[in-house]
Structures are given as structure tokens and as C-alpha cells.
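Asks: the following block contains a protein sequence and its predicted model.
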Amino acid sequence: MAAAHRQHKRRRLSPSPAPFDSLADELLFLVLDRVAAADPRALKSFALASRACHAAESRHRRILRPLRADLLPAALTRYPSVSRLDLSLCARVPDAALAAVPSSGSSPLRAVNLSRSSGFGAAGVAALARACPGLADLDLSNGVHLGDAAAAEVARMRKLQRLSLSRCKQVTDMGLGCVAVGCTDLRDLSLKWCIGITDLGLNLLALKCNKLTTLDLSYTMITKESLLSIIKLPNLQVLILVGCIGIDDDALASLEKEYSKSLQVLDMSHCQNVTDVGVSSIVKSIPNLLELNLSYCCPVTPSMVRSLHKISKLQTLKLEGCKFMADGLKAIGSSCVSIRELSLSKSAGVTDTELSFAVSKLKNLLKLDITCCRNITDVSVVSITRSCTSLISLRMESCSHVSSGALQLIGKHCSQLEELDLTDSDLDDEGLKALTGCTNLSSLKIGICLSISDEGLTHIGKSCPKLRDIDLYRCGGISDDGVIQIAKGCPMLESINLSYCTEVTDRSLMSLSKCTNLNTLEVRGCPRVSSAGLSEIAMGCRLLSKLDIKKCFEINDVGMLYLSQFSHGLRQINLSYCSVTDIGLLSLSSICGLQNMTIVHLAGITPNGLIAALMVCGGLTKVKLHEAFKSMMPPHMLKNVETRGCRFQWINKPFKVEVEPCDVWKQQSQDVLVR
Amino acid sequence: MASGTATNADPDQQTVRSNSVEQFYFPRPGQSLPGIPPFFGPPSSSLYLANDNEAKVGNQLEPNPSQSTDWDPQAIVSNLTFLEQKIKQVKDVVQSMSNRENQVASGSCEVAAKQQLITADLTSIIIQLITTAGSLLPSMKNPLSSNPAVRQLSNTLGSPMGFGMNANQRPSVDSKTDIPDIGKASGYEELINSLNTTQDERDELIKGPNPCGGEGSEPTPMEDHDVKESDDGDHEGENLPPGSYVVLQLEKEEILAPHTHFCLICGKGFKRDANLRMHMRGHGDEYKTAAALAKPTRDSGSDHAPVTRYSCPFVGCKRNKEHKKFQPLKTILCVKNHYKRSHCDKSYTCSRCNTKKFSVIADLKTHEKHCGRDKWLCSCGTTFSRKDKLFGHVALFQGHTPALPMDDVKVSEASEQQQGSEPMNEISRSMGCFPCSSSDGISNLDMKMADDVRGYYSPMSFDPCFGALDDFTRPGFDISEDPFSFLPSGCTSNNETSRVNKGSNVPPLGLWKWTETLSDFSH
């Protein structure tokens, strides 16, 4: 990639007026693809090099994510080959903006994402349908103002294959009927939270759109009247029925005679009217299922689990928040021998003996989630580590009865681990040392492990080069040295959480600034971090998008100036309790992609400065402010900001500077749990 | 005088005589005697069952009407046996006739002679029965001409067959002229005598039509044939196995007759038996008894009664028994509604939409209840009163989509003036099965059309401006897929848009689009 870079530079310097004439577009695009993969910002500098580079880059670009909807026509003119238009950064997309999309018969635009945008209606959708007749993918999620008229316009896009109408609560059967008749090519449809839709519309959908492979009907009013016709869809592979109160045992029993060969994924979590009887009856209808999600759905009885025996290919079983009856978990071990992924998080009734028996049979298990199974002890961990040696993901947050000795077994036996969550456990440096065998580890969550120190982190830094995500929340025992070891050893680090690690100073941030892929940094409650460290981060980690510096009292306007200068990708920032003033806030607001700000308890912020910043920052979608500001700011200004698509959340928390030590906090949290 | 009464009623019979015996049967279908073939059933049953318990009383008077004050059970029994024998005789004759008819097509004159014989026999049986019935009445005990009961009776006797015939053809009631006649009659004996004297006359009258050949005799073999057919199991009954029911076929006139129940005394017609019974109370105390007012019990004969089904007289109709896939009609009401709906003019027009026509008035009333209130609209312009009906329709027809009311789409319409060109064959697909240039084809469809939708969706009245365009002003249509796809591209131009916007009386855009379309066509 570096070679490619050099080549471009050489070509740029060559005297030829058209440096890319000799290079075929296909080859050039391959080069540019690789350059972009290495550094997302490289293309921008490439485009600025010369006219030819600019033109080449314009032809190359396939995905467009504009910051301002009003510039959409210009952007689409510049990038004629764009096939995906992602408007998720434009909080407000008025109808006029969509109407300005240049309409041409052969528009290459295939996908449009309007899921985060508001302000458009049926007219905008109609304009889009006219401009891009070949649109195949449209995301209208969260269009709470879109009604049947908009759906009728969607129906004009005949080639639509993927459509999301999630939370379009005003769409009724009439709108769905239009879509069903118009977009017969649909493969993937989400009707989540479309509470206006009933069986009538769904039956029509099932009749007209028989190419559907993925259907999300979560939280809709579907009942047994249409479930049958939906199950009969010949190509349906994924069916999501989360929180469908109309689905009950009766509805599932009515499918007895039918069966779907194609269905692979069924999600019935939060279906509160389904019991083990209903699950047992539907199992016969779905012989080829790969994934079954029954979280928060029904009690797990041995007979129900034994019925799962009929699904011979089942790979994933999610039983989060379920109540396990006696021998229910054991039956999983004997009946579901093929499963690769098992989730038992937050389930009641998971005991050592049953879990040990189950995992001893499930030798092929790749992913295991036993989060918050508070009753399990070392016995379970021993049998897990003994039989499931090929685990790549183990999540056992808040399994507080497991001893540090048992945790060492994890690292020793499960060397394939890529994801490990030991939050809130007795993990110590020995346990971390044992993880040195897990060289593939990419995500490590060891928050609230008070016993770990820099020594343990040094082991991780030395042996886990692929680490991308590390969570050290409230690890009171660590300091700069440990973080420096991580930063050195894990160059691919993308996300680090150092919140309330009170010993951490600017030295940590300086070392972390070498991790160029870092996009998320949380240093909340680290009072020794200052603007100096932040400025290093801003200059080094140019991809930074999420930053939490709450209660970093030392950080002031200087840090903000650096951020505004270098961190153009910043999307989300929490500034509460910092020493930032109006000046810092104003400079910060020049980051046009900023969407999310939390500005509570800042002594240096005045209402005028705040309103100025809000007016400048056009892309804001959510701002948390102290309630006191509500009365101090001119209402029409707030109204103006709100109409641009920004929502205000007024916080009324007491001002509280001091940070309690980690051990005190842990004790308090456990007291809450006991109570 | 009494003969005058009898002749008074005779014209009725003459008008009726061409009707088949089935007609006889028609008025009281529920009262057919089980086991008796329809041909014989009606005359006896309609009399016997009409006043059942009175028959027992009155019969005892019968043997010698002149000694009417006493009644002799012995005599009645012998009388009844005589009747029985007589009936059997006739039955045998008819059966032999039908058998022969099946074997060889026998000479028509021979048949005619036999038929005369049968008719004569039947008439005498009827007379006998009537006299018996007459003697039943308690008022017979005091033979007074002034007694209203006698008057009623004389009416009954005067038109012995009237109650069984389609009395709708009768002049309303002739009792007024009757009353003086009867009043002059000296007594019951005289009455009976007059009846007897008129008998010959009547015989002739009844015989009269029969010799006139084929058409007169036609119904009888038909009915016979019917019974046999169902016995043979030639029918394809839908629910019932063929042969398990008797097929009856009413004539057109009977079907269209407004009344089906007739007062035996005054001849007034009623639609319901219950109404008739209420009416009968006015004719005397004897009709006020609980037994007379009670609903005629059907189960008296239902143990053996064959299930009855009906055939439509329209030849070629699926409901006609000659049809290959004959599907019988269940009740007389079904026959009436079927015949009116399928084979009659639709003479009732909806006063609201002036389009929908019905032949059954109940259908019109049902329609009028929600005419113009249909809010579920299809892209083809059809409206429905219920959402599930619309969705059933959309599911059935390719390319039809649910359409939204104009208020909802107005916003989106505003930006819709420009039009992309699409191939012409798109028309046929998106338009479905109806032509877009004329509404003739539409009205043929058995659907509710949206002609009234205009009024529904736009409160303003455009009739002065667009009166001529009634057929085209179907808003909602254009909500469907590319309503203009049949227009050459570019025919809706920008100046039209501006015209729309400038218009002082701006109708819903959908309307404008149609008018624009029209003007484009007319250029």
C-alpha cells in the first residue's frame, strides 16, 4: 500500500498532463480501493493532488455519506458512479433536497439510507422514486411521520429488493398493500414497530412477494391469521418475531400441518404469550432451522428442549432471560449436540451441575454466554474449559462466585478465544498471564477487576497483537505503565475504556496516540488527564469519533482547539465537568460531523456561547444540557435548532465533583445487588 | 244464486287452467303430505292440513249433508274410504300412463282421453272433499243463511280451487257481491245443491283446457319425470345425494307473484303465513283458536317427507334441473331471489349513485345503506365497504393496488406533474381488466364502481365544469402505478402545471390529471 502511495506521488509529479491516461480505470480503482482500506483519509488527499486525481477519485467513489443534505445535487454531480447514498449524517432532509436528486433513467444509485433523517414526506419519497427507478435498497427506518402515502410512493420502485420501514408507525395495511403489489421483487423487508399493520396486509404481502427471504415483523400485530401464509413463503430464511403479542401457542399449533424447508433463523424473543408447549409444536414445522432465539419468551422445560432434537442442524440457541426448569439445561446437552453457540445470559435456574453436564456434551461449542449466571462457581468453569476447548467467545460478566484460580484455566485451555468478557470478576494478574496463549484475542473486557495491575496488562500487550477493543473500566489498580504496554503491543487498537482509572495521566494518552485506528476513547473520571494528552490524541488518532472526557477537570479550551483542528471525524463527545469555556465550545462546533454532545455542569459555558455553538453545528441530533439552561436560552433559537433535527435532553443531576475510589464503588454496587 | 257464486269464481279458474298442477302445490309447500307424490299431494293435503282438527268434527256431518244437525262417524269413515279408493284409482291410471309413455310414444289422442278421465276424477274428488270440509264447520249445525260462517263457506265453496291457485290474478275480493247472493239462498241444502248443479259446469270448465293437447298435459309428465329422475339418481346434488330429494319447479308467474299465502275466504294474498293467520282471525272466531293461530307444525310429516329442492324454470340455467351440473335451490325464497337476480330485468335503481341496479328490492336497500360511504378504494376505481373485501380484491387481480383517499396523497401529488415514459404495454398490466376510455366495460363488472367517489373525496362541486367528464373523474385511480403510462411521454408539460397552480377553483389534483388527460386525448 505504501508502494501504491509512492506510485501516485511519482505520477503526480510527472509532467504529463493526463497522468492516468495510460492506466486503465479498473486498475486504478483497484489501487484506490487498497489505499482507502489502509487509510480512509488517503483518498481525500489523493483527490486534492491534481485535476486528474480529482476526476479519477470522482469516478471511483461508490459510497457517499454527505454531511449536508442541501449539497446533495452537487455531490451527486461530482460523484456520478455513486451507488450507495448514506444520509445518516443529515438529521434533516427536506423534500426539496430529495427532489433535487438529479433524475436520469440510468442513475447508478442502488441504495439510499434515510434511517436517521427526518423532515421528508411522501413527496420526497416520490421524487426519489422518480430520480432512481432502479433503486434496490431503501432504508426508511424511524420515519415516524411517514404514512401510507409515502409507502404508496415506495411502491413505485419496482426493483426494490431491500426495504426497511421500521418504526413507520403510521403505515397501515393500505401502505403495505401498495408496497406488496408494487415491489414484488422484495427480498428483505423490515416492518418492525409498524403497529398499524394487521394480518390483512401481511397476508397480501405473503401472496404478492414470494421472493422474500428476510422478514422482520417485530412488535407488529401479527396473529395466527397471517402467520400461516408467512411461514409458507417459499424462500423465507429469516423470520424475526420479537415481541409479537399476537403470537401464542394457538398460533404456533396452527402451523402443525405446514412446514418451511427454507427457514433458517427464527427469533421469537419477548413473545410473552408463547410457552414451551407452543415451541414444542412449531419445532416440527422448521426442520432446517439454524438459529433459534427464545430469549425472554418461555420457561425452558426438558420436554421442550427434547423437541428441539428434531432440528438436526441447529447451530445457535439463544435462551437469554429464560427461566430454566429442572433438567432443562441438561436436556440441551443431550438433545442439541450440534449447536455451536449458546446464550444463557441473565437466565434463572442455571446451576453448576446442569451447566457442567450440558457443556460436557457440547464439545463443538464456539460461543458461550453465561453473563449474570450468578450461581455458577468454579465447577462450571472447570468443565467449560475442559470440554469446550475451541471456544472463540466466552462472556461471563458478573459471575462473581468464580475464583481467580478457575479464571486462569480459561487462558490455559481456550487458546482460540477472540472475545472474552470477565467484567466484574476476581481476575488477577495470574489470570491475565494465562491469557498469553490467546494470541487471537481481539476483544477483552476486564472492567471492575480491581486485582489486576500493570503487570497483567504487560502480558496482554506482549501477547495479544490483534487486540482491538479493551475495557478497563474502574480498574483502579492500573496506571500509565500498563496502558503504555497495551498501546505499544496492540497497534490495531480501536477502542479503549479507561474510565475511573484514576492513576492514568497524559503519558497514557501520548502512547495511545500511536494507535492510529483508535476511534473510541473513554477517559471519564481521570482527573490527571489534561489538554496536553488530549492534543496528542487529536493529532495522532485522526479517526477518533467517540470521546468521553467527563470529569477530566484539567481539560480546557486548548484541547478543544486541537480537536477541532484535527478530529474531523468526531461524532460524539461528553464534556461534562471539564474546564472548557465558550471559546472551546465554539471551536468544537466547527466539526461539522458532530452529532451528539453532552454539556452538563460546565462552569465556563454561558447561554450565549452555547446557543452560538448550537447554531453553528448543523449536524447535531442529540444534545444533553443542564436544565438550568432551558430558561436562559431564547426559545426561538432552541426551536430553530430543533427544526434542523436536533433533540434536546435536559439533565437535572446534582453537581458532584468527587469520584469515589473503585473498591468503594464496587462494594456499593454489590450492596445494591444483594438488596 | 249460489250458482252465480260459483260461476263468479270460474273465470279465475279459466285463467289458471293452463297452469300446471305444480302451481297448485306452490302456495303451501310445507304442507305436502309425506309419501304422496306431488301430483296427488297438493289437492288433498292443502285441504286436509289447513283445518285439521276441524276436519274430524266436520267429517261426521258429511254422509248426508241434508241431515246436517247429526253427524255419523260411520258414514264419514265410509266416505273417506271411498275417497281413498278413488285416489288410488287415479294414481294407477297415471302411473300406467307414465310407464307407457316411457316405453312407446303412444298416440296423443289416447293420452288426451286418459287425461280427461283423470281430470274428471280429480274434480269429483275435490268436490267431495270440499263438501266434507264444508260439513265440518260447527256453524253447519244451525243452517242459517244469514250466518257469516256460511257466507264464508260459500265463498270457499264458490271458488273451490281459488285458494290453491294463484289468487293474485283474482279481482281483489268479490265477497261484497257474493254476500247478497248467499243471503238470498234459502239454506245449507240449497247451497250444496247449487254446488252440485254447478259441478257439471265446472267439470267442463276444468276439462276444457286439457283436451287442447300437449301443452296442457305437459306439466303432468314433467312432474312425473321429475320424481322419477330424482329416484333414478340422475341428479348431481351438491350436498344431498341425488334421489334423496324431490325436485320441484315453479313457473315464472308463480315465482314473480308477490304473495304466496292466500286467504281461503277472501283471497287476499300475503307474503307470510303468519300474516295470513292473523288475517284469518277477522273472518270469525273459529280462526281465533290457539290451534288455528299456531304455526303449522312441519314435523307432522317430516319423518317421511322427502327433502324438497327447487329447480329454476329458466332452461339452460345451472339451477334448472335439465342442466348437466344441476344445483338445486334450497327454498322457495332462494328460487325467487335467484330467478329475479339472474333472469329478470334490474328495475330498481339506486337513487344515490344512479348506477347500480337491482332486481331484488332487498339488494337495493342493502346497497343504499352504504352507497357512497365506501372508503376502501382500489387503484382500478372499485370501492369497497370493508377493508378485507378490498384486500381480497387486490389479492385476486394482478396489478391492482390499494389506493389512498385523496387527502392523503395530495401532498405527494403536487410534485408529480412530470412523468417518466414507460412502455405502452404497461397499460394493460397496470390497468387490469377494464378499459380506461369508457366506463361501459366497468359497469358490466359486478362491482361497486367509484362514480360516487368524486363526491366523497372532494366536498366541492365540479359538476358545472366537469359534468361531461363524469366517467373519467375517478380520483384515486392515479394513485396506482403510473396512471399516465398510457400517455405518450411529455404530454403533461410544465405549462399545465402552472395552469393547475393558477386555477382559482383548484380541484383535487387527481381530478385535474384526468381532465388534463382528457384534453390531451382530444387534441
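Replies: Cool, the structure landed. Numbering: from 1, shown residues only, chains lettered A, B, ... in the order given.

Asks: quick one: the helices in the stretch 51-200 of chain A, in order.
Replies: Secondary structure of the stretch 51-200 of chain A, counting by DSSP state H, counting those that start in this stretch: helices at A:51-60, A:72-78, A:95-99, A:122-131, A:148-154, A:173-182, A:199-208.

Asks: in a markdown table: the ones you listed, plus mean neighbour count and distance to A:Ser260.
Replies: In this view, the C-beta of every residue, glycine as well, is placed from N, C-alpha and C. Below are the helices of the stretch 51-200 of chain A laid out as a markdown table (neighbours: other C-beta atoms under 10 Å in any protein chain shown; distance: least, C-beta to C-beta, whole Å):
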| stretch | mean neighbour count | distance to A:Ser260 |
| --- | --- | --- |
| helix A:51-60 | 17 | 43 |
| helix A:72-78 | 16 | 42 |
| helix A:95-99 | 21 | 38 |
| helix A:122-131 | 25 | 32 |
| helix A:148-154 | 29 | 27 |
| helix A:173-182 | 29 | 19 |
| helix A:199-208 | 24 | 12 |
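
Asks: distance from stretch A:116-136 to the middle of the chain?
Replies: 26 Å (C-alpha atoms, centre = their mean, to the nearest Å).

Asks: wait, does it make contact with chain B?
Replies: Yes: Stretch A:116-136 is in contact with chain B by C-beta under 8 Å from any C-beta of the partner chain, via A:121-123, A:125-127, A:130, A:133.

Asks: low pLDDT regions in the stretch 151-300 of chain B?
Replies: Low-confidence segments of the stretch 151-300 of chain B (pLDDT under 70): B:151-240, B:242, B:296-300.

Asks: can I get the helices of the stretch 51-200 of chain A in TSV with mean pLDDT?
Replies: Formatted as TSV, those follow (pLDDT from 0 to 100):
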stretch	mean pLDDT
helix A:51-60	90
helix A:72-78	88
helix A:95-99	90
helix A:122-131	92
helix A:148-154	94
helix A:173-182	94
helix A:199-208	94
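
Asks: same list, the ones you listed, but as CSV with distance to B:Leu256 please.
Replies: Output for these, formatted as CSV (distance: least, C-beta to C-beta, whole Å):
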stretch, distance to B:Leu256
helix A:51-60, 81
helix A:72-78, 71
helix A:95-99, 62
helix A:122-131, 54
helix A:148-154, 48
helix A:173-182, 43
helix A:199-208, 41
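
Asks: closest one to A:Leu138 among the ones you listed?
Replies: helix A:148-154 (6.7 Å; C-beta to C-beta).

Asks: ok now that closest one, how far from the chain's centre?
Replies: 29 Å.

Asks: give me the residues contacting that helix.
Replies: A:121-122, A:125-126, A:128-129, A:138, A:140, A:143, A:160, A:163, A:165, A:168, A:170-172, A:174-176, A:178-179, A:182-183, B:401, B:403-404, B:408-409, B:411-412, B:479 (C-beta atoms under 8 Å, 6 or more residues apart in numbering or on different chains).

Asks: buried ones in stretch B:310-329?
Replies: Residues of stretch B:310-329 classed as buried: B:310-314, B:317, B:319-321, B:323, B:326-329 (neighbour count, 16 or more other C-beta atoms under 10 Å in any protein chain shown).

Asks: can you tell me which of the residues you listed is nearest B:Gly381?
Replies: When the buried residues of stretch B:310-329 are compared against B:Gly381 (criterion: C-beta to C-beta), the nearest one is B:Cys317, at 31.1 Å.

Asks: against B:Glu254, how distant is that closest one?
Replies: 16 Å (C-beta to C-beta, to the nearest Å).

Asks: do B:Gly284 as well
Replies: For B:Gly284, the distance to B:Glu254 - C-beta to C-beta - is 29 Å.

Asks: and the buried residues of stretch B:310-329, which of them are in strands?
Replies: B:310-311 (DSSP state E).

Asks: count of neighbours near A:Pro108?
Replies: 15 (other C-beta atoms under 10 Å in any protein chain shown).

Asks: would you check that it makes contact with A:Ser81?
Replies: Yes: assessed by C-beta atoms under 8 Å, A:Pro108 is found in contact with A:Ser81 at 5.6 Å.

Asks: which bits of the stretch 51-200 of chain A sit near chain B?
Replies: Counting by C-beta under 8 Å from any C-beta, the residues of the stretch 51-200 of chain A lying close to chain B are A:95, A:99, A:105, A:121-123, A:125-127, A:130, A:133, A:147-150, A:152-153, A:155-156, A:173-175, A:177-178, A:181-182, A:200.

Asks: give the contact list for the residue nearest to A:Leu207 when sequence neighbours are not counted.
Replies: Distances taken as C-beta to C-beta, 6 or more residues apart in numbering or on different chains place B:Ala395 nearest to A:Leu207, at 5.3 Å, with adjacent residues excluded. Each residue near B:Ala395 by C-beta under 8 Å, 6+ apart is listed here: A:203-204, A:207-208.

Asks: repeat for A:Met221
Replies: When contacts are counted by C-beta under 8 Å, 6+ apart, A:Met221 touches A:195, A:197-199, A:244, A:246.

Asks: out of those, who has the most neighbours?
Replies: A:Ile197 leads the contacts of A:Met221 on contacts (other C-beta under 10 Å) with 26 neighbours.

Asks: pretty sure it is touching A:Thr172, no?
Replies: Yes: using C-beta under 8 Å, A:Ile197 is in contact with A:Thr172, at 6.6 Å.

Asks: re the thing from before, looking at the buried residues of stretch B:310-329, which is nearest chain A?
Replies: B:Gln327 (29.6 Å; C-beta to the nearest C-beta).

Asks: quick check, that closest one in contact with B:Asn320.
Replies: No: counting by C-beta under 8 Å, B:Gln327 does not reach B:Asn320; the two are 9.7 Å apart.

Asks: contacts for stretch A:450-461, please.
Replies: A:404, A:426-433, A:435-436, A:441, A:444, A:446, A:467, A:470, A:472, A:474-479, A:481-483, A:485-490, A:662-663, A:666.

Asks: in strands only, show me those residues.
Replies: A:444, A:470.

Asks: just the buried subset of the contacts of stretch A:450-461, written out for PyMOL, thanks.
Replies: Remark: buried members of the contacts of stretch A:450-461, expressed as a PyMOL selection using 16+ other C-beta under 10 Å:
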select buried, chain A and resi 404+426+427+428+429+430+431+432+433+435+436+441+444+446+467+470+472+474+475+476+477+478+479+481+482+483+485+486+487+489+490+662+666
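
Asks: any stretches of the chain with poor pLDDT?
Replies: Since no chain was named, I'll use chain A. Applying pLDDT under 70 to chain A flags the ranges A:1-19, A:104-105.

Asks: oops, chain B please
Replies: Low-confidence segments of chain B (pLDDT under 70): B:1-73, B:100-112, B:132-240, B:242, B:296-305, B:374, B:406-523.

Asks: in the longest helix belonging to it, what counts as buried?
Replies: With secondary structure taken from DSSP state H, chain B has its longest helix at helix B:73-103. Using 16+ other C-beta under 10 Å as the test for burial, helix B:73-103 gives B:75-76, B:79-80, B:83, B:87, B:90, B:94, B:97-98.
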